[in-house]
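Novice: Whatever this is, show me its structure:
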Amino acid sequence: MAFPNLVRRPGGEQWCEAVGVPDNGVNVVTLDFGVPISQIDPNWVDVEILSLGASVTGCTVVSIVGDVMTLNFTQTGADLARVAAHLEHTLGR
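Specialist: Next up is the predicted model:
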């Protein structure tokens, strides 16, 4: 099972997150910030990744293109990971 798409946090348009069991290797997810953004600047997105078990030992963000994020997990079992993304436009920095 690939890592699930990130969905908007209740009450907030600038955060999305998901908890799931990632596949070992490449996982492609969509980002839902609650606003119709077709061209997201990757520099506006901060990503937090937390392993929730010993079999998830690493994860890197390969790319963010529009609302699609590609992640590369190291998964040797069936443990969970939490991925959260925060969208911060340059006007708010």
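
Novice: quick one: the residue nearest the centre of the chain from residue 19, how far?
Specialist: The centroid of the chain falls nearest to residue 83 when counting by CA atoms, centre = their mean (4.7 Å). Distance of residue 83 to residue 19, computed by CB to CB, to the nearest Å: 8 Å. Bear in mind the C-beta positions are built from the backbone N, C-alpha and C, glycine included.

Novice: And residue 70, by the same measure?
Specialist: For residue 70, the distance to residue 19 - CB to CB - is 19 Å.

Novice: Now the residue nearest to the centre of the chain: closest residue in space that isn't a chain neighbour?
Specialist: Nearest residue to residue 83 in three dimensions, chain neighbours excluded: residue 49, at 5.3 Å (CB to CB, 6 or more residues apart in numbering).

Novice: ok, that neighbour - how many residues close by?
Specialist: Other residues within reach of residue 49, judged by other CB atoms under 10 Å, total 17.

Novice: Show the contacting residues for it.
Specialist: Applying CB atoms under 8 Å, 6 or more residues apart in numbering to residue 49 gives the contacts 59, 61, 71, 81-83.

Novice: from these, which is closest to residue 8?
Specialist: Distance to residue 8 across those (CB to CB) is lowest for residue 83, with 13.6 Å.

Novice: Just give me the neighbour total for residue 67.
Specialist: 20.

Novice: How about residue 51?
Specialist: 18.

Novice: Next: residue 21.
Specialist: 19.

Novice: cool, and residue 15?
Specialist: Other residues close to residue 15 by other CB under 10 Å number 20.

Novice: which residues does it form a beta bridge with?
Specialist: residue 86 (DSSP bridges).
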